[in-house]
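*Asks:* Need coordinates for the below:
(one chain, ligands or ions: 2)
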Amino acid sequence: MADDVARLKVIREKVEAGQRLSFEDGLAMEESHDLFELGSLANLVRERLNGDLGFYNVNTHINPTNVCVYTCDFCAFRADLGEAKAYVMDRDQVIERARQAASRGATEMHIVGGLHHKLKLDYYIDVVRWIKETAPEIHVKAYTAVEIEYFSKITRVSTEEVLKRLIDAGLGSLPGGGAEIFHLEVREKVCGAKASTEQWLDVHRTAHRLGLHSNATMLYGHIDRPLHRIDHLVRLRELQDETGGFQTFIPLAFHPDNSEMSEIPKPSGMMDLKTMAISRLMLDNFPHIKAYWVMLGLKTAQIALSFGADDIDGTVVHEKIYHEAGAETPQEVVVDEIRRLITEAGRVPVERDTLYRQVNRGDGRWTSGERIATPALAVLNP
Ligand code: V47
Ligand code: SF4
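*Replies:* Ligands and ions are numbered 1, 2, ... in the order given. This is a model prediction of the structure:
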């Protein structure tokens with residue numbers, strides 16, 4: 001206990017001085033039970049970077065197919081070819097989704113899906129094109145690094161070329177999925193067949209070089225241990241030092257239902273908030289940390305706004321990945337409810353677009369304004 005207090009005191013001094021925390025500091029925070037001190041430190045960094053702002057967006061999810069060649073242990077979403085629940089969306093269905101999204105005033109469509117045994121890269125490119133042709137104003141945040149790597153493998157063209165073809169079709173940025181846990185001890189066990197850690201990082205490096213922004217995630221609360229999580233965060237921090245292309249980090253809480261790891265309990269509230277705080281503290285060069293309410297639940301996501309998070313994602317519609325794994329959150333939360341939760345948490349609600357520009361609404365139309373700056377990043381990482 002005395003040790004814990006002494007170690008957190010040193011960590012506080014570093015955080016107050018704007019110094020980078022080490023791998024060992026990360027492990028010390030993982031070992032600590034002082035949730036309030038960790039939260040207070042994370043809040044300090046959160047307010048330094050994003051003041052009192054609480055971001056949200058108006059978005060929709062689309063999962064073009066659930067058929068997947070891979071069999072990640074944690075996944076309740078995937079289906080085999082020919083299985084009853086297997087589906088592939090056709091052009092009309094995608095266009096209908098884009099129309100619905102546009103009529104709801106969505107600024108973003110988030111695409112993620114399975115890696116189908118037979119579909120060609122052209123299908124995945126068409127999905128982006130169909131959306132942009134239907135709703136050119138909507139930002140398409142599409143395909144995880146795992147998907148990009150798979151497209152490259154099946155077409156035998158480089159990931160750079162795959163990204164360029166998607167950009168030509170209207171791709172705006174990459175979501176953060178597929179990162180899971182980078183450490184080999186875990187990755188090999190839970191999702192060994194898909195893109196490796198190096199491949200995941202390299203797709204993001206390439207995307208950043210091509211001018212795309214991207215997000216990053218970490219799937220925690222299954223067989224991962226403190227060492228694996230800190231290793232994951234440090235690897236992301238290193239790539240961000242190199243490229244500066246990441247916008248947001250999203251810790252994803254494991255949902256066990258209907259997965260191969262259904263015997264593992266859901267992460268506790270303590271673990272959710274600790275992981276949020278430690279992520280904010282270790283990822284000093286990431287502008288934003290997202291408390292994805294769909295997986296955390298609205299109540300924890302709201303509290304997370306005081307434990308390092310500055311964003312609670314959007315009015316997500318048609319989310320399948322978590323709901324098939326047992327998420328009990330509603331499919332859509334209306335804007336008024338999101339704003340109320342943010343305000344009640346003592347933050348100022350700001351609707352952002354995918355690239356963190358303030359969204360202005362009026363007469364049923366919306367426009368993006370200026371990018372919202374996080375000036376303290378420049379001070380922390382000159
Ligand atoms: O990569 C799959 C995860 C991810 C389960 O970039 C599971 O803004 C928990 O990455 N329990 C896809 N997690 C979703 C994703 C995401 C979500 C929200 C916002 C953004 C963003 C990205 O979902 C997968 C995997 O890590 N996942 N199954 C499960 N049972
Ligand atoms: Fe396939 Fe993604 Fe599910 Fe893994 S997590 S089985 S890659 S759909």
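*Asks:* For ligand 1, what is the nearest residue in the stretch 151-300 of the chain?
*Replies:* As assessed by CB to the nearest ligand atom, ligand 1 sits closest to Gly177 within the stretch 151-300 of the chain, at 2.5 Å. All C-beta spots, glycine's among them, are computed from the backbone N, C-alpha and C.
*Asks:* now the closest residue in space to that residue that isn't next to it in sequence: how far from Thr367?
*Replies:* Excluding the flanking residues, the one nearest Gly177 by CB to CB, 6 or more residues apart in numbering is Thr144, at 3.8 Å. Plainly put, Thr144 is 29 Å away from Thr367 if you go by CB to CB, to the nearest Å.
*Asks:* Would you check that my belief about Cys220 contacting Ile230 is correct?
*Replies:* Heads up, residue 220 is Tyr, not Cys. No. Tyr220 is beyond contact range of Ile230, at 11.2 Å (criterion: CB atoms under 8 Å).
*Asks:* Below-threshold pLDDT in this protein: ranges please.
*Replies:* 1, 318-322, 329-332, 374-382 (pLDDT under 70).
*Asks:* Contact residues of it facing ligand 1?
*Replies:* 74-76, 112, 144, 175-178, 180, 215, 217, 219, 250, 252, 254-255, 259, 292, 321, 325 (CB under 6 Å from any ligand atom).
*Asks:* Ligand 2 next: which of those residues are close?
*Replies:* Among the residues of the chain next to ligand 1, ligand 2 is touched by Cys75 when using CB under 6 Å from any ligand atom.
*Asks:* The residues of the chain next to ligand 1 in strands, which ones?
*Replies:* Counting by DSSP state E, the part of the residues of the chain next to ligand 1 found in strands is 215, 217, 219, 250, 252.
*Asks:* which residue is nearest the centroid of this protein?
*Replies:* The geometric centre of the chain, computed from its C-alpha atoms, lies nearest to Ile250 (CA atoms, centre = their mean), at 3.9 Å.
*Asks:* residue contacts, Asp224?
*Replies:* Asp224 makes contacts with 181, 183, 186, as judged by CB atoms under 8 Å, 6 or more residues apart in numbering.
*Asks:* Need the residues you listed in JSON lines (columns: neighbour count and distance to ligand 2).
*Replies:* Converted to JSON lines, the contacts of Asp224 look like this (neighbours: other CB atoms under 10 Å; distance: CB to the nearest ligand atom, whole Å):
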{"residue": "Ile181", "neighbour count": "23", "distance to ligand 2": "13"}
{"residue": "His183", "neighbour count": "18", "distance to ligand 2": "17"}
{"residue": "Val186", "neighbour count": "22", "distance to ligand 2": "14"}
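*Asks:* Phi and psi next, for Val359.
*Replies:* Backbone geometry at Val359, expressed as degrees, to the nearest 10, gives phi -100, psi 130.
*Asks:* burial measure for Met270, as a count.
*Replies:* Look at Met270: counted by other CB atoms under 10 Å, it has 10 neighbours.
*Asks:* Surely it touches Phe36?
*Replies:* No. Using CB under 8 Å, Met270 is not in contact with Phe36; the gap is 11.5 Å.
*Asks:* what are the ranges of the strands in the stretch 51-200 of the chain?
*Replies:* Per DSSP state E, counting those that start in this stretch, the stretch 51-200 of the chain carries strands over the ranges 53-57, 59-62, 108-111, 139-142, 171-174.
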